[in-house]
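J.: Can you look at this prediction? I've put the sequence above it.
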Amino acid sequence: MLENELIYFVVLAATLIVIALINSKNIVVVAILNGSFSLFTVLLYLILDAPDVAMTEASIGVLVFILAVFTIKANYKESHLFEDRFKPIIFIACSLMAAGLIYASADLPEFGSPKFNNYYLLNSGKEIGINSVVASILGSYRGYDTMLETLVILIGGIGVLLISQANISVDNHSDKLITLMSRIMFPVISLFALYIQFNGENTPGGGFQAGAIMATIFATYGLANGKLLFLELVSLNALKIIAISGVILFFSVGLLSFIMGGEFLNYNVTFGQHIGITIIELGVGIAVCATMLMIYIGISDASDKSL
Amino acid sequence: MHLINLYSFSIVLFCIGLYITLASEDNTKKLFGLGLFQNSVLWFYIALGKVGGGIPPVLSDSTQQAFSNPLPHVLMLTAIVVGVAIIAIGFILVIRINSKYKKL
């Protein structure tokens, strides 16, 4: 089957990258290898029928690389300091763990077996009424999960800002070609993010993906131009308020259905499932995008200051 | 039952990520190891959800085909975004530690 050969090709490439990553002493090389590992991970997710996850991983991979560039810039050193004498022990422990887990994995269901509880696939079409099963589980069946995950990343973003003590610094270092490219890419990719956001019910996509893509293109623009596009319009405090308002939008949809006599996050008593999911996806998108930008500002500012 | 499959690859990746996290000297590289560690868990769950010959779980008019399991996709979707928040906290801590103590 072609699928299996593709999987083995991707896994082989990823394994080679990881072996190179273990031995690499240069941290810039490690960051680049990590980015290419992320690329092959995206391919693997696509082959394994998870386009939603692949889309998220693609944009998150870019974002992590940008953050890594700032971290490395702040503390770049050519050589490492000491040799760890516990390395052989750690290696043996990890090998034993791998052997044990692989031995235990014989009990797992065979790869590609069609036996699972397919309640969602059978019923989401008539209960929720949207085509993307992933979006209906994310927004409705497991709405609590998604709501609190949004809160978790908001806390993460606030944590980064608190640790970095950022206030926005604007410096102008720019290369003409890269600036031009980022300006050409910006409208196209932000339009794509909006499409992913508002068409997420019928195609793969949704709030998480759209927020991550939007934040990535803003951060890429900031990396190329030395400052963020919107900083003349929006201050850092306003960005915090936008991020919190995304989470509050999600909570208030839940609370509204609570007030109107249903369970928390039961859209049937308020807007109906389709509109309810659209609204909470919008809240997720706003919260994710603003939080990722907060993280970007925090790390880039701390990196600039520490030089 | 042969053991060369995607599950064992993700387990090996899991242990490699753990090894890099524990054994490398550079704090930034430790964080990349943590990222691999996390990615391996995602690989494992997505591989569990795959159905042979299946298509992505987006309903359409032709209902005759087999879909892959959407539940692991949802769980991993949120895990990725939370993971980047964790890595970002790690990065900012590394920057602050190094700017305070001037060492790796």
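T.: In hand now; what should we look at? Numbers count the residues shown, from 1 in each chain, chains lettered A, B, ... in the order given.
J.: can you list the weak-confidence ranges in chain B?
T.: The model of chain B has pLDDT under 70 over residues B:1-3, B:62-64, B:102-104.
J.: show me the residues around the most centrally placed residue in it that make contact.
T.: Computing the C-alpha centroid of chain B and ranking residues by CA atoms, centre = their mean puts B:Asn39 first, at 1.5 Å. With contacts defined as CB atoms under 8 Å, 6 or more residues apart in numbering or on different chains, B:Asn39 is in contact with A:37-38, A:41, B:13, B:17. Yep, even glycine has a C-beta here, placed from its N, CA and C like the rest.
J.: Now with 10 Å, please.
T.: Neighbouring residues of B:Asn39 by CB atoms under 10 Å, 6 or more residues apart in numbering or on different chains: A:14, A:18, A:34, A:37-38, A:41, A:44, A:57, A:61, B:10, B:13-14, B:17, B:80, B:83.
J.: Contact partners for the closest residue to chain B within the stretch 1-150 of chain A?
T.: Residue nearest to chain B within the stretch 1-150 of chain A: A:Gly112 (3.2 Å; CB to the nearest CB). By CB under 10 Å, 6+ apart, the residues touching A:Gly112 are A:1, A:3-4, A:7, A:48, B:5-6, B:47, B:50-54, B:68.
J.: want to throw the residues you listed into CSV with neighbour count and secondary structure?
T.: Below are these laid out as CSV (neighbours: other CB atoms under 10 Å in any protein chain shown; DSSP: H, G, I helix; E, B strand; the rest coil):
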residue, neighbour count, secondary structure
A:Met1, 9, coil
A:Glu3, 15, helix
A:Asn4, 14, helix
A:Ile7, 22, helix
A:Leu48, 29, coil
B:Asn5, 20, coil
B:Leu6, 22, helix
B:Ala47, 22, helix
B:Lys50, 22, coil
B:Val51, 21, strand
B:Gly52, 14, coil
B:Gly53, 12, coil
B:Gly54, 18, coil
B:Ser68, 24, coil
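J.: can I get those residues in CSV with distance to A:Ala193?
T.: Listed next are the contacts of A:Gly112 as CSV, based on distance: CB to CB, whole Å:
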residue, distance to A:Ala193
A:Met1, 35
A:Glu3, 30
A:Asn4, 34
A:Ile7, 29
A:Leu48, 24
B:Asn5, 36
B:Leu6, 31
B:Ala47, 28
B:Lys50, 28
B:Val51, 30
B:Gly52, 33
B:Gly53, 32
B:Gly54, 28
B:Ser68, 25
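J.: picking up where we left off before, and the next element down the chain from the one helix or strand the residue nearest to the centre of chain B maps to?
T.: B:Asn39 is part of helix B:27-49, with elements assigned from DSSP states H and E. Next along the chain after helix B:27-49, taking DSSP H and E as the criterion, comes helix B:70-101.
J.: And that next one, what does it pack against?
T.: Contacts defined by 3 or more CB pairs under 10 Å, 6 or more residues apart in numbering or on different chains; DSSP states H and E place helix B:70-101 against helix A:27-47, helix A:51-74, helix A:119-127, helix A:133-136, helix A:143-164, helix A:207-225, helix A:273-305, helix B:27-49.
J.: Of the contacts of B:Asn39, which is the nearest to A:Ile153?
T.: Of all the contacts of B:Asn39, B:Gly83 has the smallest distance to A:Ile153: 9.7 Å, by CB to CB.
J.: residues near that closest one, how many?
T.: 23 (other CB atoms under 10 Å in any protein chain shown).
J.: Provide the secondary structure category for A:Gly129.
T.: A:Gly129 carries the three-state label coil when classified by DSSP: H, G, I helix; E, B strand; the rest coil.
J.: now the angle between helix B:70-101 and the helix holding B:Asn39, please.
T.: For helix B:27-49 against helix B:70-101, the angle by axes from the mean of the first three to the mean of the last three CA atoms, to 10 degrees is 180 degrees.
J.: A:Ile217 is in contact with A:Met185, correct?
T.: Yes - applying CB atoms under 10 Å, one finds A:Met185 in contact with A:Ile217, separated by 6.8 Å.
J.: residues in contact with the residue of chain A positioned farthest from its centre?
T.: Relative to the centre of chain A, and counting by CA atoms, centre = their mean, the farthest-placed residue is A:Arg85 at 36.1 Å. For A:Arg85, no contacting residues are found, by CB under 10 Å, 6+ apart.
J.: Which pLDDT value does the model give it?
T.: pLDDT for A:Arg85: 71.
J.: how about the least confident helix or strand in chain A by mean pLDDT: buried residues?
T.: Ranking every helix and strand in chain A by mean pLDDT, DSSP states H and E puts helix A:119-127 at the bottom, with a mean of 80. By 16 or more other CB atoms under 10 Å in any protein chain shown, the buried positions in helix A:119-127 come out as A:120-121, A:124.
J.: Please name the nearest non-neighbouring residue to A:Phe116.
T.: B:Asn69 (4.7 Å; CB to CB, 6 or more residues apart in numbering or on different chains).
J.: picking that back up, just the contacts of A:Gly112 now: which is nearest A:Ile213?
T.: Distances from A:Ile213 to these, taken by CB to CB, are shortest for A:Leu48, at 20.9 Å.
J.: what phi and what psi does the backbone show at the closest one?
T.: phi -90, psi 20 (degrees, to the nearest 10).
J.: wait, it sits on B:Ile46?
T.: Yes - using CB under 10 Å, A:Leu48 makes contact with B:Ile46 at a distance of 5.0 Å.
J.: Return the distance of B:Gln65 relative to B:Gly53.
T.: Distance from B:Gln65 to B:Gly53, counting by CB to CB, to the nearest Å: 8 Å.
J.: make that A:Ile184, sorry
T.: A:Ile184 is 40 Å from B:Gly53, by CB to CB.
J.: and residue 23, what does it touch?
T.: No chain specified, so I'll use chain A. With CB under 10 Å, 6+ apart, A:Asn23 has these contacts: A:Val29.
J.: look at chain B instead
T.: A:22, A:84, A:86-91, A:94, B:29-30, B:33.
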